[in-house]
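Undergrad: got a predicted model here, sequence first, then my questions.
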Amino acid sequence: MKQEVRMAAMDAVRARAQEQGLFFFHDHFQEPWLTVPVGNHRESWLIKSRELFLWIAKTLRDNNFPYTKPLVKAIVDEFEMVSLVDGPMLDVFVRVGANEEAIYLDLADAEWRCVEITKAGWRILKGEAGVKFRRSPGMAALPLPVPGGSCKEILRFLNVRPEHEILFLSWLTFCFRPQGPYPILSMSGPQGAGKSTSAKTLRGLMDPNIARLVGAPRDKRSLIMAASNSRLLCFDNMSQITAEMSDLFCTIAVGGAHTERKYYLNDGTMVTFVFQNPICVNGISELPERPDLLDRCLVANLLGIADQDRRTEEAFWREFNAVSPRLLGAVLDAVVEGMERLDSVVLPEVPRMADFCRWGVAVESKLGYPPGSFLAAYRRNLADVNAAALENSPVAWSFHHFLRSIPERYFKGTAQQLLRDLNEYLALHDDRGSGKPLPLQHPKWPKSASALSGEIARVQPNLGKLGIAVSRGRTKARRWVELRAATDAVPMTAAPNDDAQSTRTVTHNPKKKQSGRKG
């Protein structure tokens, strides 16, 4: 292409950009963006995106210039320079964003409408939002919300025990908050308990996607990419959560970042992924096992659904889709209430996930529950989580019985000495006639002092709730650990391998209406 033609083509693209008011900016990671008018709305595109290439191609065609790769690259390079040098630095959000005045919810429809949520109420914006949004592949549109609904109506589509209802609804409304940390919702139950349907329902009211649910993430990078391109992560029918994934789930829910080399570049250029997302997982068995993950979880065991209460998938989703605009409007009303009341909430004590607890107290009345309902339900959840952490620990029960066998209920020594004494105690108290395997035969039983020390650190807060205090220290020559059981420590009468029922108790109202639920 001749130089004069090339310059004329670039001048034509510049003129169209100025005429349409293209807005150039960059994000905190020096990625170049621009906002482009499309029809009666505006969209934000990453420079070097397919959308921008098509816009340039159309502009060249409209001005009777040829579309060549060198010409397009030159235009894209110029746009990138303008974005990075002259454009302001702005945050770019997926589905939920916020500024100092409001929270914004991207409805992800073809008209790029969004909902602006403030302490005074919510409204639908048909123009550009107060923040920048990006669209990820697979994002589906939320229903257009309407007022007049009740959050309790959502329970028709969730197979939830009565004692868990307020936790589910508080969690759903908290997902609309732009910042966490977020509790991880973990659902378990037998086949046909509606776990997948409940997860789809929650996602459909917050962050619908073409792939409504996915299985366990394949590896670390696939989980990080999912967190970077979705708002709500839903993993269906998981059989276990590995130690690596457990740590990643904690990082994603609390907030973290991941940096790696940018693909196809060998010049040291790095790309950073930043994430803080709510997570929902479900499986037949209770999935979280490690105490650090359990402490961040809302655990719920769903009941099986009787055959006479089941509905076809078609009928279930037809009914849900018919009322989903009203349900979303009710959720937004609760978010408004939470924003208005949050600053006045003072907790009698500050538990783990304190931000979520304050939010639950702020929204409980709007959700339709009397004062104190949320904290009562959350305390029951904490007790359930603590029991699960102790059940899953290979050493917690052994500590309890070992200390009770010592008159002073006290041990102080190195981790190596503690491991030796535990092994000897368990070998002496081997009840071969019971047919129960020894903790020593547990696949996760620590085989070294360092492994035992790590397990103590993980389960230490849970042991403390049972009256077993753990202290650590060191002299010049060695490190030591101290275990002390209170004389009024809560008794632990069943071991993890016992056939006895779990000490956790869950009440259920058999008269609770289950209409509208699907297996």
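TA: That came through fine. Numbers count the residues shown, from 1 in each chain.

Undergrad: does Phe133 touch Ala98 like I think?
TA: No - between Phe133 and Ala98 there is no contact under C-beta atoms under 8 Å: 11.6 Å. From N, CA and C alone the C-beta is placed, and that goes for glycine too.

Undergrad: quick one: which of those two has more around it?
TA: Using other C-beta atoms under 10 Å as the criterion, Phe133 and Ala98 rank with Phe133 on top: 22 against 18.

Undergrad: what about the closest residue to the more buried one other than its chain neighbours, distance to Ala140?
TA: In space, Phe133 comes closest to Asp106 once its chain neighbours are excluded; the distance is 4.5 Å by C-beta to C-beta, 6 or more residues apart in numbering. Note on Asp106: its distance to Ala140, by C-beta to C-beta, to the nearest Å, is 11 Å.

Undergrad: joint contacts of Phe133 and Ala98?
TA: Here Phe133 and Ala98 have Tyr104 as joint contacts, going by C-beta atoms under 8 Å, 6 or more residues apart in numbering.

Undergrad: ok, the residue nearest to Phe133 touching Phe93?
TA: Yes - between Asp106 and Phe93 there is a contact under C-beta under 8 Å: 7.5 Å.

Undergrad: shared neighbours of the two, anything?
TA: Phe133.

Undergrad: the two: which has the busier surroundings?
TA: Set Asp106 next to Phe93 and count neighbours by other C-beta under 10 Å: Asp106 wins out with 24 against 19.

Undergrad: what's near enough to touch the more buried one?
TA: So Asp106 contacts Phe93, Val94, Arg95, Val96, Gly97, Trp112, Cys114, Ala129, Phe133, Arg135 (C-beta under 8 Å, 6+ apart).

Undergrad: can you do 10 Å?
TA: 93-97, 112-115, 129, 131, 133-135, 139, 141-142, 207, 231 (C-beta atoms under 10 Å, 6 or more residues apart in numbering).

Undergrad: then Gln179?
TA: Applying C-beta under 10 Å, 6+ apart, the residues near Gln179 are Val96, Ala98, Gly255, Gln276, Asp355.

Undergrad: same thing with Gln460?
TA: Neighbouring residues of Gln460 by C-beta under 10 Å, 6+ apart: Pro291, Ile468, Ala469, Val470, Ser471, Arg472.

Undergrad: again with Val13
TA: Counting by C-beta under 10 Å, 6+ apart, Val13 has contacts Trp55, Ile56, Thr59, Leu60, Asn63, Phe65, Leu71, Val72, Ala74, Ile75, Glu78, Phe79.

Undergrad: go again using 6 Å as the cut-off
TA: With contact set as C-beta atoms under 6 Å, 6 or more residues apart in numbering, Val13 has these partners: Thr59, Ile75.

Undergrad: could you do the one 5 residues further on as well?
TA: Gln18 is in contact with no residue at all, counting by C-beta under 6 Å, 6+ apart.

Undergrad: in the chain, which spans are helices?
TA: When assigned using DSSP state H, the helices of the chain occupy the ranges 3-20, 50-62, 69-85, 165-174, 195-204, 220-229, 243-254, 291-294, 313-341, 354-367, 373-392, 396-404, 415-428, 449-464.

Undergrad: quick one: contacts of the fourth one?
TA: Going back to what we said before, that points to helix 165-174. By C-beta under 6 Å, 6+ apart, the residues outside helix 165-174 that reach it are 151, 155, 160, 185, 202, 298, 331, 334-335, 356, 359-360, 363, 367, 369, 373-374, 377.

Undergrad: how does it look with 7 Å?
TA: Helix 165-174 has contacts (C-beta atoms under 7 Å, 6 or more residues apart in numbering) with 151, 154-155, 158, 160, 182-183, 185, 202, 205-206, 298, 331, 334-335, 338, 356, 359-360, 363-364, 367, 369, 373-374, 377-378, 381.

Undergrad: same thing with the shortest one?
TA: Applying C-beta under 7 Å, 6+ apart, the external contacts of helix 291-294 come out as Ser246, Phe249, Cys250, Pro288, Val385, Ala388, Ala389, Arg458, Val459, Pro461, Asn462.

Undergrad: mind checking how far that helix is from the chain centre?
TA: Taking C-alpha atoms, centre = their mean, to the nearest Å, the mean C-alpha location of helix 291-294 is offset from the chain mean by 14 Å.

Undergrad: cool, the second one as well?
TA: In terms of C-alpha atoms, centre = their mean, the gap separating the centre of helix 50-62 from the centre of its chain is 38 Å.

Undergrad: Met353 touches Arg296, doesn't it?
TA: Yes - the criterion here is C-beta atoms under 7 Å, and Met353 meets it with Arg296 at 6.4 Å.

Undergrad: now do the shared contacts for these two.
TA: Joint contacts of Met353 and Arg296 (C-beta under 7 Å, 6+ apart) are Pro183.

Undergrad: low-confidence ranges in the stretch 51-200 of the chain?
TA: Across the stretch 51-200 of the chain, nothing is flagged by pLDDT under 70.

Undergrad: now swap in the stretch 201-350 of the chain and tell me
TA: By pLDDT under 70, the weakly predicted segments of the stretch 201-350 of the chain are 261-270, 286-288.

Undergrad: swap in 90 and give it another go.
TA: 210-230, 236-251, 253-275, 282-297, 299-313, 348-350 (pLDDT under 90).

Undergrad: how far away is Ser448 from Gly87?
TA: Using C-beta to C-beta, Ser448 is found at 55 Å from Gly87.

Undergrad: okay, those two: which has more neighbours?
TA: The neighbour count for Ser448 versus Gly87, taken as other C-beta under 10 Å, is higher for Gly87 (18 against 11).

Undergrad: out of the contacts of Gln179, which is most surrounded?
TA: Highest neighbour count within the contacts of Gln179: Val96, with 25 neighbours (other C-beta under 10 Å).

Undergrad: distance of it from Ser365?
TA: 24 Å.

Undergrad: over to Asp62?
TA: Counting by C-beta to C-beta - Asp62 and Ser365 are separated by 57 Å.

Undergrad: neighbour-wise, which of those two wins?
TA: Just comparing Asp62 and Ser365: by other C-beta under 10 Å the higher neighbour count belongs to Ser365, 15 against 10.

Undergrad: ok, for the more buried one, nearest residue in space, not its chain neighbours?
TA: Nearest residue to Ser365, sequence neighbours excluded (C-beta to C-beta, 6+ apart): Pro371, at 6.9 Å.

Undergrad: before we move on, back to that, return the closest of the contacts of helix 291-294 with respect to Ala211.
TA: Ala211 lies nearest to Phe249 out of the contacts of helix 291-294, by C-beta to C-beta, at 19.0 Å.

Undergrad: tell me the contacts of the closest one?
TA: Contacts of Phe249 (C-beta under 7 Å, 6+ apart): Ile184, Ile241, Ile279, Leu293.

Undergrad: would you format those residues as TSV with distance to Leu342 and neighbour count included?
TA: Output for the contacts of Phe249, formatted as TSV (distance: C-beta to C-beta, whole Å; neighbours: other C-beta atoms under 10 Å):
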residue	distance to Leu342	neighbour count
Ile184	21	27
Ile241	31	22
Ile279	22	24
Leu293	26	24
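
Undergrad: in strands only, show me those residues.
TA: Under the assignment DSSP state E, those contribute Ile184, Ile279 to strands.

Undergrad: okay but Ile210 is in contact with Ala140, surely?
TA: Yes - Ile210 is in contact with Ala140 according to C-beta under 7 Å; the separation is 5.7 Å.

Undergrad: so which of those two has more stuff around it?
TA: It is Ala140, of Ile210 and Ala140, that has more neighbours when counted by other C-beta under 10 Å, with 14 against 8.

Undergrad: setting aside sequence neighbours, what's the nearest residue to that one?
TA: Spatial nearest neighbour of Ala140, excluding adjacent residues (C-beta to C-beta, 6+ apart): Pro208 at 4.0 Å.

Undergrad: that neighbour is in contact with Pro143, isn't it?
TA: No - in this structure, Pro208 is not within contact of Pro143 by C-beta under 7 Å, at 8.9 Å.
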